[in-house]
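Novice: Could you look at this predicted model? Sequence included:
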Amino acid sequence: MSNTPQEPSQAPKHADTDDEHLNLWGNGDDDADPRTTAAAEATTKAAHKKHKWPKIFLSALLVAVLLVVGVLFYYFRSVSGALNGLHRDPSLMPDQTAVQPIEPGKPINFVLMGTDGRPGLAGSRSDSLMVAQLSGDRQHLYLVSFLRDMWVTIPANKVVPKESKAKINAAYSWGGPALTIKTLQSITGVQMDHAVIIDFPGFIALTDEIGGVTVYNPQAGTMDGEHFDQGNITFSGERALKYVRERKDLANGDLDRAARQRTVITAIIEKSMSGGVISNPKKFNDVMQVYTKNTTVDSGLTSANIRKIATSLRLKSGTSIVQVQAPISGFGKSKDGQAYDIVDEAGLAELSNALKKDQMADYVANHPQ
């Protein structure tokens, strides 16, 4: 046995276990490059944002679509409710069965009547009478005033059983809207398609609800203690009613009053269709309800027909509404002392021909108002 001393056995040498696992995936803090780490984090965030953006966009788009659908549904419900609630009177037209469906490209003639009906008053008359023709291309609305004192032939009726000469507004008191429209058709030879009536209380409520209207008043005047300055004026309610009824204090009497009425109706239409009303769901609904409560239309103006007409409109602005005065040639007095307006027969024939042939643009160009 050898006496040479043996070296103690040595255990195999291993790398530090913690160090080995720390750097196994190259993510250890000791060996990592800070620039590489920052770039990696930025890339990760960018990728995250890239995937997140479409979701945000789609969510926003969905919200916008829901809002639009909600608003459109509200408007549709408001319009539908108002249209369905309109008071329709089958007796407004002389013969509703004679009214033909409106063909595309053909003009539509509406008779607009403002009556002096109000609480405590019997025997109403048409205080304002117009034919509103919507042109065949739907780009213009012509408001044609027929002065209430025009001396015309009124067809036989229950009150006066034979044709008779009288002021045109007598037709309303003798036979209501139907006789008024029959008289208009008789003196013009133009078929009227629809009728719309509003009385004094309705006019007051309407002008109040839309927040009043602003018009240019060419001459100062006073009606029942209410003074109207020359220039731009704003009014509503009772004051608006007095403005459109005044005539005795005006230079040209009934002619000037009719011009005022056309101007105010134009302003009402513009205001009712303005962005301030259309863009405000509550205001829009309120205005629609006022029209529903205070106007009466013929039975042919069904909800479907009104929608069809409304969606065909191509009116661009207030300039698309054109004001026209049915011509008179002077003034006269009846045997019983009534002062009246003498109809310009040749001029009325020319106007009637333009209405029939959808040539009102030419008529207005040849007869500046």
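Specialist: That came through, no problem. Note that this is a predicted model, so its numbers are computed, not measured.

Novice: Three-state assignment for P94, please.
Specialist: Using DSSP: H, G, I helix; E, B strand; the rest coil, the structure places P94 in coil.

Novice: which residues does it contact?
Specialist: Residues in contact with P94 (C-beta atoms under 8 Å, 6 or more residues apart in numbering) are 178-179, 181-182, 185. Every C-beta, even on glycine, is put in place using the N, C-alpha and C of the backbone.

Novice: neighbouring contacts of stretch 255-268?
Specialist: In contact with stretch 255-268 (C-beta under 8 Å, 6+ apart) are residues 112, 114, 128, 130, 143, 145, 147, 206-207, 210, 213-217, 219, 240, 243-247, 250, 318, 321, 323, 325, 328.

Novice: Go again with 7 Å.
Specialist: Stretch 255-268 is contacted by residues 128, 143, 145, 147, 206-207, 210, 213-215, 240, 243-244, 246-247, 250, 318, 321, 323, 325 when judged by C-beta atoms under 7 Å, 6 or more residues apart in numbering.

Novice: now, which of the contacts of P94 lie within helices?
Specialist: Residues from these lying in helices, with DSSP state H as the criterion: 178-179, 181-182, 185.

Novice: Turn the residues you listed into a markdown table, including neighbour count, pLDDT and distance to S135.
Specialist: Formatted as a markdown table, these follow (neighbours: other C-beta atoms under 10 Å; pLDDT from 0 to 100; distance: C-beta to C-beta, whole Å):
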| residue | neighbour count | pLDDT | distance to S135 |
| --- | --- | --- | --- |
| A178 | 20 | 95 | 26 |
| L179 | 22 | 96 | 28 |
| I181 | 27 | 96 | 20 |
| K182 | 20 | 96 | 24 |
| Q185 | 18 | 97 | 20 |
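
Novice: Tell me the one among these nearest to S272.
Specialist: I181 (24.2 Å; C-beta to C-beta).

Novice: wait, doesn't that closest one sit right on F110?
Specialist: No. Here I181 does not reach F110: they are 10.5 Å apart, not a contact under C-beta atoms under 7 Å.

Novice: Could you check what's spatially nearest to the most centrally placed residue in the chain, not counting adjacent residues?
Specialist: Taking C-alpha atoms, centre = their mean, the centroid of the chain lies closest to M273, which sits 3.5 Å from it. Leaving aside its chain neighbours, M273 sits nearest to L315 (7.9 Å; criterion: C-beta to C-beta, 6 or more residues apart in numbering).

Novice: Can you tell me the element that neighbour falls in?
Specialist: Here L315 is covered by no helix or strand, with elements defined by DSSP states H and E.

Novice: Go ahead and confirm it touches D137.
Specialist: No. Applying C-beta under 7 Å, one finds L315 not in contact with D137, separated by 10.7 Å.

Novice: Give me the more crowded residue out of these two.
Specialist: Comparing L315 with D137 by other C-beta atoms under 10 Å, the one with more neighbours is L315, at 17 against 12.
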